[in-house]
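In: my questions concern the predicted model and sequence given below.
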Amino acid sequence: MVKNELKSIKILAQKEIEKAKNLKELNRVFKKYLGKKGKLSLILGSLKELPLEERKKIGKKANELKNVLEGKFDKKIQEIRKQAKKGIGKKEWVDVTIPGKKIALGHLHPLTLIKREVCQIFQQMGFEVVEGPEIETEWYNFDALNIPKDHPARDEWDTLWLRQNKLLLRTHTSPVQIRYMEKHKPPLRIIALGKVFRHEATDASHEMQFYQVEGLMVGKEISVANFKAVIQEFFGKFFKKPIKVRLSPDYFSFTEPSFDISITCVVCGGKGCSVCKRTGWLEMMGAGTVHPSVFKNSGLDPKNWQGFAFGMGLDRLAMMKYKINDIRLFHSGDLRFLKQF
Ligand SMILES: [Zn+2]
């Protein structure tokens, strides 16, 4: 019974393969006999229901036929292709064997990758990531942070003012710290991460908008020692190697004392190279102990609380990590740049 069926499949299938004029027709024949529900496929699938002896015999024959037909299909495909190249049946030329067009997959922007990594490292140390508005008032951006009325940063050469100088685009993420302290009682540990804006001519290391990441830790006995431990841990994890941190004196109106923070050069390891200008150190951020006036302006009693704050450019971190030499590349939209991440 099955034997006869195999015979008739052999005759009919070969005829139909021979008759096929193009790949579409050939594909239909293929489906009819060798497709998932093709005649021969069904027989092969039902072999297991036969008694052992018969299964062996029929199985052998059916598989042989399958090989024969597959060979015929391959031969016919070549034939049709050859003809198509000669121009015969050009209209119906569809090569079903050509691999499909690949859809290009996008990926995250390098700054987003760095942003996520930074947040993750600080979150592991118990810091909460908080946000604030990009349009600020003069109070939150300058006054509350103890920045004097005549400070040049308030100048319209540095700050982008809005609405007759009543509002501005924040020049740093520090206002987020004030807003957070107004609403939350210490002890607290936060990271404020977001876009900031400067009225500035752009060059390889300056942009009009960039990302800042700022940290604030406040408690009864938070000291510079805590700061050094936290920040050393952060840089070590971020650059995935042991990093030394150096504090040198600096001045900021919102911290007292204030420091400039350098780390061992991640390129040369401290020996001296062109990136670190032969010093072995890279300046990474500003930091310090929170100024009593800043606590007062946020509604906290400076006699009860102390803490540290720091701030750095996320773009600079990304440039250090990926060895990028021009900050403007981040917003250039240049795919040759972006595809490298
Ligand atoms: Zn170096």
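Out: All right, it came through fine.

In: for the rest of this, base every contact and every neighbour count on C-alpha atoms.
Out: OK.

In: could I get the full set of helices for the stretch 201-341 of the chain?
Out: 224-239, 292-297, 314-322, 335-338 (DSSP state H, counting those that start in this stretch).

In: ditto for the stretch 1-150 of the chain
Out: Using DSSP H, counting those that start in this stretch, helices in the stretch 1-150 of the chain cover 2-19, 23-34, 39-46, 52-86, 110-124, 138-141.

In: in the second one, what's buried?
Out: This points to helix 23-34. Neighbour counts using 16 or more other Cα atoms under 10 Å place 23, 26-27, 29-30, 32-34 of helix 23-34 among the buried residues.

In: render the CA-only coordinates of it in CSV, please.
Out: C-alpha atoms of helix 23-34 as CSV (Å, rounded to 0.1, in the frame of the first residue of the first chain):
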residue,chain,number,x,y,z
LEU,A,23,11.0,29.2,-8.7
LYS,A,24,7.5,30.1,-7.6
GLU,A,25,6.1,27.0,-9.3
LEU,A,26,9.0,24.9,-8.1
ASN,A,27,8.4,26.1,-4.5
ARG,A,28,4.8,25.0,-4.8
VAL,A,29,5.8,21.5,-5.9
PHE,A,30,8.4,21.3,-3.1
LYS,A,31,5.7,22.1,-0.6
LYS,A,32,3.3,19.6,-2.1
TYR,A,33,5.8,16.7,-1.5
LEU,A,34,8.5,17.7,0.9
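
In: that helix packs against which elements?
Out: helix 2-19, helix 39-46, helix 52-86 (3 or more Cα pairs under 8 Å, 6 or more residues apart in numbering; DSSP states H and E).

In: which one of those helices is the most hemmed in?
Out: Highest mean neighbour count of those: helix 39-46, a mean of 17 (counted as mean count of other Cα atoms under 10 Å).

In: nearest to the ion, of the helices and strands packed on helix 23-34?
Out: helix 52-86 (61.0 Å; Cα to the ion).

In: okay, now the domains of the protein?
Out: According to automatic domain parsing, the chain comprises the domains 2-92, 110-338.

In: quick one: which of these is nearest K102?
Out: domain 110-338 (17.4 Å; Cα to Cα).

In: quick check: end-to-end length of that closest one?
Out: 7 Å (Cα to Cα, to the nearest Å).

In: could you do stretch 131-140 as well?
Out: 14 Å.

In: same question for it: list its buried residues.
Out: So, applying 16+ other Cα under 10 Å, buried residues of stretch 131-140: 131-132, 134-140.

In: residues touching the most centrally placed residue in the chain, list them.
Out: Nearest residue to the geometric centre of the chain (Cα atoms, centre = their mean): L108, 3.1 Å. Contacts for L108 were tallied using Cα atoms under 8 Å, 6 or more residues apart in numbering; there are none.

In: then K321?
Out: Contacts of K321 (Cα under 8 Å, 6+ apart): F239.

In: okay, it: pLDDT?
Out: Per-residue pLDDT puts K321 at 90.

In: against K72, how distant is it?
Out: K321 is 58 Å from K72, by Cα to Cα.

In: just F337 next, same as before
Out: 50 Å.

In: comparing the domains of the chain, which comes out most buried?
Out: domain 110-338 (a mean of 18).
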